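Peer 1: Need the 3D shape of this:
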Amino acid sequence: PRWRTLMTEYHRSHTMDAFELAKCYHEIYTSKVSDDADESKEAGDGDAKMETDMEWQSSLQATVLFLTLSAYGNEQQDMFHHIEKDSNLEKLPACQSLVQLFLKKELIAYPLANQAEIEAWEAFTEADLQEHWKKIFHTRVIQNNIRIASLYYRRIHGKRLAELLRLSTDRLEREIATMVSDGSVYARIDRPKDIIRFAQPKSPEQVLTDWSSNIDELLHLVETTTHLINKEKMVA
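Peer 2: Sure, this is the predicted structure:
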């Protein structure tokens, strides 16, 4: 729709809100795919269909790009999973690879193997904002990697984490501080000991609850094992 195109222009030049851009482009993409399906039914002109294909591919590229440039959140993750199931994604290998990278629980090496191809996409180069989006993209990769590290490490030396993420310790601390401020990750930095703690301390009540749960699970396993042993004896 024309008004969605106008909204993309608005968000590019005023708000620079990547997630709003992703939603706008996804609606444009959905509209183009619907037009493509109608043209296929009518067996229309081949050139017109090719033009429509190029339009929905460009819109899907833009959707994926601005989704990766968006701040991490439940709505962003839901949209990622929704797009991952789209069969058209297989026709755009670079897009599919980008979606998979940001959904895997693995560190992302920067720059990406297909970084140059991604930065050449039309959505990346429009409105002379390429350098801005490149910086945001690098930031989102760093933030993704910090979240992944927090899943696997209770604590880690800052220097070691900086090496893993290929960052300076100053840049690492800045990004962690930003993520702690917006609530996307829990972390505490002990500068004198150069230790970053990702494990949130538990209250005595939480410790007791966990202990009680573990005991219940252990008793259940003992009961199940005893039952199986008695069953074997009866068969024998």
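
Peer 1: Can you tell me how far residue 28 is from residue 59?
Peer 2: Separation of residue 28 from residue 59 (CB to CB, to the nearest Å): 5 Å. Heads up, the C-betas are built off the backbone N, CA and C, glycines and all.

Peer 1: What is the neighbour count of residue 132?
Peer 2: 12 (other CB atoms under 10 Å).

Peer 1: And residue 101, how far from residue 148?
Peer 2: Applying CB to CB to residue 101 and residue 148 gives a distance of 11 Å.

Peer 1: ok, which stretches of the protein are helices?
Peer 2: 2-10, 18-42, 46-68, 74-84, 93-103, 115-119, 122-125, 130-152, 158-165, 169-181, 204-235 (DSSP state H).

Peer 1: got CSV for these, with distance to residue 188 and mean pLDDT too?
Peer 2: Shown next, in CSV, are these (distance: least, CB to CB, whole Å; pLDDT from 0 to 100):
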stretch, distance to residue 188, mean pLDDT
helix 2-10, 40, 87
helix 18-42, 29, 81
helix 46-68, 28, 83
helix 74-84, 25, 96
helix 93-103, 26, 96
helix 115-119, 33, 93
helix 122-125, 36, 85
helix 130-152, 11, 95
helix 158-165, 11, 96
helix 169-181, 8, 96
helix 204-235, 17, 82
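
Peer 1: So what does the nearest residue to residue 159 once chain neighbours are set aside look like in phi/psi?
Peer 2: Distance criterion CB to CB, 6 or more residues apart in numbering; nearest residue to residue 159, sequence neighbours excluded, is residue 194 at 5.9 Å. Backbone geometry at residue 194, expressed as degrees, to the nearest 10, gives phi 50, psi 50.

Peer 1: Pretty sure residue 194 sits against residue 157.
Peer 2: Yes. In this structure, residue 194 is within contact of residue 157 by CB atoms under 8 Å, at 5.3 Å.

Peer 1: so who does the residue most central in space within the chain touch?
Peer 2: Nearest to the mean C-alpha position of the chain, by CA atoms, centre = their mean, lies residue 102 at 3.8 Å. The contact partners of residue 102, by CB atoms under 8 Å, 6 or more residues apart in numbering, come to 68, 80, 108, 144.

Peer 1: swap in residue 86?
Peer 2: residue 60.
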